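Q: kindly generate the corresponding structure for this input.
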Amino acid sequence: MINIIEGRRSHRSFNDKKVTKGTIHILLDIVKYAPTNSNSQDTKIIVLRNENIIKNISNLTVDQYKRKSYEQKFGKHLSEKWAEYGDPLVKSRDKGFNPIFYKAPVVLIFHATKEKLMKKDNCVIASTIVSLAAREVGLETSYMGLFELVCNDINSWESISIHKELNIPETNQIYCALIMGYPKKKLDDIKRKPVDITWI
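A: Numbers count the residues shown, from 1 in each chain. Purely as a prediction, here's the structure:
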């Protein structure tokens with residue numbers, strides 16, 4: 001387990017090998033053992049393998065960065081650094097690349113009831129368990145924070161459209177997303193900062 005954790009990297013480059021439905025099911029079935037607040041066990045997972053849907057929600061994500069980047073550049077005060085990401089994402093998409101989900105064969109969307117205590121925590125814990133278990137069968141993953149940021153803006157047109165595209169009920173919200181596949185190459189080790197520990 002220590003080796004699995006120490007070797008984990010954020011992979012965004014995958015080969016063409018398909019991930020079978022059986023393999024995905026084994027990994028996601030483990031989630032029922034993940035801790036949840038009050039043992040609610042209410043984290044839900046959407047498995048995306050449909051290339052058209054993946055492309056559609058990626059485009060909606062980039063569209064929001066493009067729109068908010070434009071608003072930010074022309075004086076609208078926004079808390080996030082939309083302009084920092086807007087132009088690079090649009091340029092990448094214009095070149096035919098998917099800058100949100102890359103060429104990942106599988107996208108996992110974690111969602112739960114919105115506006116309730118610790119639902120995001122439950123989804124993040126579940127996704128972490130999946131990402132570590134995936135390494136045991138040769139798969140690698142990466143968290144998709146840019147996508148999550150758009151989904152968190154729950155009243156935006158793009159976020160609403162993404163939730164509708166994925167048939168997520170209005171009572172629920174997307175809290176986390178992973179891309180997953182067989183990696184093209186092993187990533188180099190990277191230096192990590194020591195953990196800040198206080199003994200009392």
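
Q: beta-bridge partners for the closest residue to residue 114 other than its chain neighbours, please?
A: Once flanking residues are discounted, residue 114 sits nearest to residue 173: 3.6 Å by CB to CB, 6 or more residues apart in numbering. Yep, even glycine has a C-beta here, placed from its N, CA and C like the rest. Residue 173 has these beta-bridge partners by DSSP bridges: residue 112.

Q: for residue 173, give its distance to residue 188.
A: Applying CB to CB, to the nearest Å, the value for residue 173 to residue 188 is 36 Å.

Q: out of these two, which sits in the busier spot?
A: Just comparing residue 173 and residue 188: by other CB atoms under 10 Å the higher neighbour count belongs to residue 173, 21 against 6.

Q: so, low pLDDT: which residues of this structure?
A: 77-79 (pLDDT under 70).

Q: now the strands for it?
A: 44-48, 106-113, 140-143, 172-181 (DSSP state E).

Q: out of those, nearest to residue 2?
A: Among those, the nearest to residue 2 by CB to CB is strand 140-143 (17.6 Å).

Q: now for that closest one, which elements pack on it?
A: Secondary-structure packing of strand 140-143 (3 or more CB pairs under 8 Å, 6 or more residues apart in numbering; DSSP states H and E): helix 119-136, strand 172-181.

Q: what's the most buried one of these?
A: Looking across the helices and strands packed on strand 140-143 with neighbours counted as mean count of other CB atoms under 10 Å, the highest average goes to strand 172-181: a mean of 23.

Q: any idea how far residue 188 is from residue 175?
A: Taken as CB to CB, the span from residue 175 to residue 188 is 31 Å.

Q: now swap in residue 114 and tell me
A: From residue 114 to residue 188 the distance is 39 Å (CB to CB).

Q: same deal with residue 64?
A: 33 Å.

Q: once you drop chain neighbours, what's closest to the residue nearest the centre of the chain?
A: Nearest to the mean C-alpha position of the chain, counting by CA atoms, centre = their mean, stands residue 177 at 2.2 Å. Setting aside the residues directly before and after it, residue 177 is nearest to residue 144 in space (CB to CB, 6+ apart), at 4.3 Å.

Q: alright, calling it a day.
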